[in-house]
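# test case, fold it:
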Amino acid sequence: MYLQGETVRRLPAFVYCVSKAQRLSSSVMKFPQRLSLLFYGALLIAAPLFAQTSTDPASARQSEIATHARKAQEYLREKKPELAIPELEAWAKLDPQNVDVQANLGVLLFFRGDYAGAVPHLKQAVMLQRSLVKIQGLLGIAEHNTGDMASARTDMEAAFPQITETKFKTQLGLAMVELYSASGELDKAAAIVAELRKSDPENVEVIYAAYRIHSDLAAESIVSLSLVDPDSPQMHQVMAHEETREGKTNEAIAEYRKAIALNPHLPGVHFELAELLNTSSDPKLKQEAIAEYQNALQQNPGDAKSLERLGDIAATKNDWPQAKTDYEKAVALRPDSADASFGLAKAYIALDQKDKALPLLERVVQLDPTNATAHYRLSTLFREQGRTEQARAELEQFQKYRQMKDKLRAMYKELQIQPDQIRDDPKDDEPVQKQ
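Numbering: from 1, shown residues only. The predicted structure follows:
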């Protein structure tokens with residue numbers, strides 16, 4: 001599996017200390033290297049309080065509890081959790097119904113990596129106080145790490161919807177994704193990933209989990225489709241996607257054409273075929289791409305991407321009036337499309353309508369700040385208007401994103417499979433030429 005136990009070791013730690021009067025706040029820690037002072041504070045404040053509020057009348061027992069509490073407090077203040085753990089264990093034996101001692105001991109054992117030792121204490125804390133949802137989430141992860149999948153599922157599923165703290169919600173969610181994917185419940189794993197993408201969209205672990213889960217779902221769907229109807233138009237469309245992904249463009253085009261022959265109204269198929277044909281330098285295939293974009297529009301008049309592509313093709317021919325018409329239609333359908341707006345801005349500039357281009361370019365860099373060329377063109381227009389500072393700022397943005405994209409381009413070039421050259425009439429006995 002791709003989400004291993006190391007993930008949970010980076011969990012933000014927390015401690016729940018609850019007295020009869022109030023529940024003390026939780027805190028964050030990295031155990032054992034970087035234990036938070038807030039963590040110590042929570043435990044240290046609680047220790048004498050609970051020693052004093054024990055319901056056991058025996059003074060000897062009270063005194064013993066107070067001694068263990070004091071020592072645990074001292075060791076935690078000195079950042080010696082390994083010495084504090086035995087004191088808390090002794091305290092827990094004397095006062096097993098103390099929710100705070102059970103929770104804190106469970107947390108310390110968890111972050112020491114002693115998941116089996118942590119489970120009974122975390123479980124006891126949750127039984128004593130059901131509102132400790134973070135403790136229950138941590139219990140679920142500990143149970144998962146000890147192989148008790150049934151209990152882990154119960155506790156994680158109960159805690160996850162109630163967790164609001166982003167870091168812990170992410171780590172708990174990733175543990176659930178691992179559990180679900182291991183049991184083949186990809187739909188449940190995908191639902192958790194979707195929620196994490198909303199709450200923690202820039203977390204690389206979440207992004208990677210989404211990639212893996214959706215890749216697995218795609219593979220599962222291909223197998224199912226091949227078993228249900230291996231010669232369906234949808235199967236040929238899927239095979240075209242796979243051939244495209246592997247850089248086998250001629251084979252992909254053949255699969256798309258088979259799909260269209262079986263069902264010319266298959267959603268998306270004309271646009272997808274047009275996208276491949278449009279990469280060719282062959283004029284005949286380029287013309288076929290135009291026809292396929294037009295077919296896509298006949299099937300779906302609201303297909304802004306096909307209009308945008310037709311505008312791009314017209315622009316490459318310097319047919320700016322036609323490009324302007326196509327881009328305007330695309331922007332009308334999708335005002336939030338940075339690409340369509342940028343295409344229309346270029347058409348306005350080419351037709352010497354720069355007053356219309358300027359607000360469009362400003363909108364483009366809002367929608368897509370990484371569009372280096374848009375920054376450059378905006379800089380040029382600002383400079384022509386004498387707006388020197390704004391022109392300089394946009395030029396700096398252009399240089400920043402151009403360098404970034406150059407680096408990405410070099411990286412992708414190393415990783416990317418080079419597609420076959422698209423030929424008009426490939427023959428089975430001819431070797432495919434690489435670009």
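# element containing the residue lying closest to Tyr256 once chain neighbours are set aside, please.
Closest residue to Tyr256 apart from its sequence neighbours, by C-beta to C-beta, 6 or more residues apart in numbering: Leu273 at 4.1 Å. Just so you know, the C-beta spots here come from the backbone N, C-alpha and C atoms, and that holds for glycine as well. Using DSSP states H and E, Leu273 sits in helix 269-277.
# what are the buried residues along whichever helix or strand comes after that helix?
Sequence order places helix 283-299 as the next helix or strand after helix 269-277, per DSSP H and E. Of all the residues in helix 283-299, those buried under the rule 16 or more other C-beta atoms under 10 Å are 285-286, 288-290, 292-293, 295-297, 299.
# stretch 71-86 too?
71-73, 75-76, 81, 84-85.
# ok now that stretch, how far from the chain's centre?
39 Å (C-alpha atoms, centre = their mean, to the nearest Å).
# could you tell me the end-to-end distance of that stretch?
Chord length of stretch 71-86, first to last residue, is 10 Å (C-alpha to C-alpha, to the nearest Å).
# same question for stretch 313-325.
12 Å.
# quick one: average confidence on that stretch?
Across stretch 313-325, pLDDT averages out at 96.
# show me what counts as buried in it.
Quick answer for stretch 313-325 (16+ other C-beta under 10 Å): 313-315, 320, 322-325.
# just stretch 250-269 next, same as before
Neighbour-count burial for stretch 250-269 [16+ other C-beta under 10 Å]: 250-256, 258-260, 262, 266, 269.
# so how far is that stretch off the chain centroid?
31 Å.
# give me the residues contacting that stretch.
231-234, 236-237, 239-241, 243-244, 270, 272-273, 276-277, 295-296, 299-300, 420, 422-423, 426, 432 (C-beta atoms under 8 Å, 6 or more residues apart in numbering).
# pLDDT below threshold where in the stretch 1-150 of the chain?
1-58 (pLDDT under 70).
# do a quick rundown of the strands in it.
17-18, 23-24 (DSSP state E, counting those that start in this stretch).
# got the buried residues for the helix or strand hosting Ile192?
Assigned by DSSP H and E, Ile192 belongs to helix 186-199. For helix 186-199, the neighbour count (16+ other C-beta under 10 Å) marks 186, 188-190, 192-193, 195-196 as buried.
# do the same with stretch 239-248
For stretch 239-248, by 16+ other C-beta under 10 Å, it's 239-240, 243-244, 248.
# pLDDT for these - can I get that in TSV?
Listed next are these as TSV, based on pLDDT from 0 to 100:
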residue	pLDDT
Met239	95
Ala240	95
Glu243	93
Thr244	92
Lys248	92
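# centroid residue for this structure?
What sits nearest the mean C-alpha location of the chain, by C-alpha atoms, centre = their mean, is Ile207, with 2.8 Å.
# is it located within a helix, as I assumed?
Yes: counting by DSSP: H, G, I helix; E, B strand; the rest coil, Ile207 is found in a helix.
# wait, what's in contact with the residue nearest to it when sequence neighbours are not counted?
Spatial nearest neighbour of Ile207, excluding adjacent residues (C-beta to C-beta, 6+ apart): Arg197 at 7.7 Å. Taking C-beta under 8 Å, 6+ apart, we find Arg197 in contact with 206-207, 210.
# residues near the residue nearest to Tyr256, how many?
26 (other C-beta atoms under 10 Å).
# ok, it - contacts?
Leu273 neighbours (C-beta under 8 Å, 6+ apart): 240, 253, 256-257, 260, 292.
# repeat the analysis, applying 7 Å as the threshold.
With contact taken as C-beta atoms under 7 Å, 6 or more residues apart in numbering, Leu273 is in contact with 253, 256, 292.
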